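[1] return atomic coordinates for the entry below.
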Amino acid sequence: MANIATFGFLLLWTLFLCFAFVSPAAQRGPYGMHISCGARHDVQTKPTTTLWYKDFGYTGGIPSNASTTSYIAPPLKTLRYFPLSEGLSNCYNINRVPKGRYSIRIFFGLVAQTRVTDEPLFDISIQGTQIYSLKSGWTSRDDQAFTEAQVFLKDGSVSICFHGTGHGDPAILSIEILQIDNNAYYFGPDWSQGVILRTVKRLSCGFGQSKFDVDYGADPRGGDRYWQRIKTFGEDSDRPRSVETRIKQASHPPNFYPETLYRSALVSTSNQLDLTYTLDVDPNKNYSVWLHFAEIENSVTAAGQRVFDIMINGDVAFRNVDIVKLSGDRYTALVLNKTVPVNGRTLTVTLSPIKGSFAIISAIEILEVITAESKTLSDEVMALQTLKKALGLPPRFGWNGDPCVPQQHPWTGADCRLDKSSSKWVIDGLGLGNQGLKGFLPNDISRLHNLQILNLSGNGIRGAIPSPLGTITSLQVLDLSYNFFNGSIPESLGQLTSLQRLNLNGNFLSGRVPATLGGRLLHGASFNFTDNAGLCGIPGLPTCGPHLSAGAKVGIGLGASFTFLLLIIGSVCWWKRRQNILRVQQIAGRAAPYAKARTQFSRDIQMARHNNNTNNNNYGNAHTAVETGPILLSR
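    So this is what the prediction gives:
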């Protein structure tokens, strides 16, 4: 029993130590979100039993059955597509995402029974930065069935948007948001939180199959990268090699490359000493190239037996590369990185032997370096969102995501400029004329502090012109003509000293035009107040009567109401008093005969007393108590 107790104590103590020295982040593991677009229920897929959450966070679109285009796509049966009639931009907005660096991957699909020839072409942006444009023929290319980028998220949310280009409806099969090490793919001084790395190509060289990290059994902190198998760079130019030997220093932070990646390689031959790989890329961009090596050939046993140079687009990137020397041993992973600008349309990596055996390479990664776009000032984004709701903007406007970025897809009707002082985009123009809009103009319009032009003409907007509109001091053009605005023109509009054109014609406005606006006419401003039957006060409009302020008008109205109420109360009181008088008169008329009889009887008694008194005086003034008491009348 003592031995059992001791063993139990040691077991509990061991568990305590295990949990005590593991950080909270390590206990939780990296954040991971897998979304099955269009799905109404959570699903799991084989063979990895990955849990895919049901569809959520989208701004629009229609769920549908899916037709996948590649065997590497997750085996999901639904997708969400976004008809162009519902707006050119739609997004997934995912909240409660912890701060950190993430690998975000989006798989594309086709609506069931859609012909491959009808493949949609559209753009994808993450956090307002455009990262990818689908190219014609993507449905027949496994490595183009998805796009992937590494982004640093710090706002607790992520916005992934799809922008129609007029070539079919964007259709999304799945979205994955996988947390990776904060220092993943550090490539030098230009690496920062403001940089996005988009995957262009990942190659696993030599034997093996195209696989994801999860299939390799890799550490989840590396994300879940797809490694495309490539058996050769060209006929007779190389030969594959592979081993089952354990590879050291492979799955280490911050990148956590799978060990299996280094167990195969391509080696150049005597027919072609240089080992060359060429990839088509977009021109005038920067690319970060990551090259993976491990010395796995038995013929190389020590440093100096295999030495080669590495050139990228003809320029030497690394000289005298000796894998054993640089990694420290055989069967040990080595990663080299170089970021280069590419002006043309191809990127070529060449390994040229210098000494000893032929050149060798295990894997290649090529990532496009994208500078993240500055976002629109948050206060102005909220103002436009309020305006969207107040005016009831239809979905065709596609007001989703960020109003100004990506720059290729700003919101319909919004003009933007980059404010250098804040390094944020601001709205300096809003043109929504003749769009069939209704609703009202909210006070929050005043939060567009940088607005210079506001055109809402030719719509069906109702209500009063908001007084806070007069606080947008940068406003130069204000066109609210041909709507249903009513009430008076706010005095605050006279504070718009930059205003050059004001069109309020064709509304239902009334009252005096503010004198300060009339004064602006002397400074060359152009104002139009016609077709407002109730306006007055400037040349071209009817002459106003005594001008009363709004407060005075309210006071007069209240006074008139009070006077009317007093008249009603007085009339009621007079009528009731008149009724009481008439009632008293009627009662008095009925009682008159009785009153006359009582009066005559009283007089008779008094005469009798007078006579008795006269007689009694003759008898010595003797009286009884009854005779000297009060007179009692009875009926």
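[2] the helices in the stretch 451-600 of the chain, which residues?
    For the stretch 451-600 of the chain, the helices defined by DSSP state H, counting those that start in this stretch cover 515-520, 550-617.
[3] in terms of mean pLDDT, which of the ones you listed ranks lowest?
    Lowest mean pLDDT within those: helix 550-617, a mean of 55.
[4] contacting residues for the most centrally placed residue in the chain?
    The chain has Gly401 as the residue nearest its centroid, 5.2 Å off, counting by CA atoms, centre = their mean. Gly401 sits next to 89, 91, 125, 128, 159, 161 when contact means CB atoms under 8 Å, 6 or more residues apart in numbering. (Each C-beta comes from the backbone N, C-alpha and C, glycine too.)
[5] of these, select the buried ones using a PyMOL command.
    Buried residues among the contacts of Gly401 (16 or more other CB atoms under 10 Å), as a PyMOL selection:
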select buried, resi 89+91+125+128+159+161
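[6] closest to Pro468 among the contacts of Gly401?
    Gly128 (27.8 Å; CB to CB).
[7] can you verify my assumption that the closest one contacts Lys375?
    Yes. Using CB atoms under 8 Å, Gly128 makes contact with Lys375 at a distance of 5.5 Å.
[8] give the intersection of the neighbour lists for the two.
    With CB under 8 Å, 6+ apart, Gly128 and Lys375 have common neighbours 402, 404-405.
[9] can I get those residues in TSV including pLDDT, secondary structure and distance to Phe107?
    Shown next, in TSV, are the shared contacts of Gly128 and Lys375 (pLDDT from 0 to 100; DSSP: H, G, I helix; E, B strand; the rest coil; distance: CB to CB, whole Å):
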residue	pLDDT	secondary structure	distance to Phe107
Asp402	97	coil	23
Cys404	97	coil	28
Val405	97	coil	24
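[10] of these, which is the most crowded?
    Counting by other CB atoms under 10 Å, Cys404 has the largest number of neighbours within these, with 26 neighbours.
[11] give me the low-pLDDT residue ranges for this protein?
    For the chain, residues meeting the criterion pLDDT under 70 lie at 1-28, 116, 519-523, 546-564, 570, 572-575, 577-578, 580-635.
[12] in JSON lines, list the shared contacts of Gly128 and Lys375 along with distance to Leu441.
    As requested, the shared contacts of Gly128 and Lys375 are exported to JSON lines (distance: CB to CB, whole Å):
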{"residue": "Asp402", "distance to Leu441": "23"}
{"residue": "Cys404", "distance to Leu441": "22"}
{"residue": "Val405", "distance to Leu441": "26"}
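[13] tell me the one of those residues nearest Phe484?
    Distances from Phe484 to the shared contacts of Gly128 and Lys375, taken by CB to CB, are shortest for Cys404, at 30.3 Å.
[14] please verify my assumption that that closest one contacts Pro410.
    Yes. If you go by CB under 8 Å, Cys404 and Pro410 touch, sitting 5.4 Å apart.
[15] overlap in contacts, these two.
    Cys416.
[16] residue ranges of the strands in the stretch 101-250 of the chain, please?
    110-111, 121-126, 129-133, 146-153, 157-167, 171-180, 195-205, 211-212, 226-230, 238-242 (DSSP state E, counting those that start in this stretch).
[17] most tightly packed of these?
    strand 171-180 (a mean of 24; mean count of other CB atoms under 10 Å).
[18] may I have it as PDB, with CA atoms only?
    This file holds the C-alpha atoms of strand 171-180, laid out as PDB (Å, rounded to 0.1, in the frame of the first residue of the first chain):
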ATOM      1  CA  ALA A 171     -17.800  31.600 -55.400                       C
ATOM      2  CA  ILE A 172     -16.000  30.500 -52.200                       C
ATOM      3  CA  LEU A 173     -15.700  27.000 -51.000                       C
ATOM      4  CA  SER A 174     -13.900  27.500 -47.700                       C
ATOM      5  CA  ILE A 175     -11.900  29.900 -45.500                       C
ATOM      6  CA  GLU A 176      -9.100  29.000 -43.000                       C
ATOM      7  CA  ILE A 177      -7.600  31.300 -40.500                       C
ATOM      8  CA  LEU A 178      -4.600  29.700 -38.800                       C
ATOM      9  CA  GLN A 179      -2.400  31.300 -36.200                       C
ATOM     10  CA  ILE A 180       1.400  30.900 -36.800                       C
END
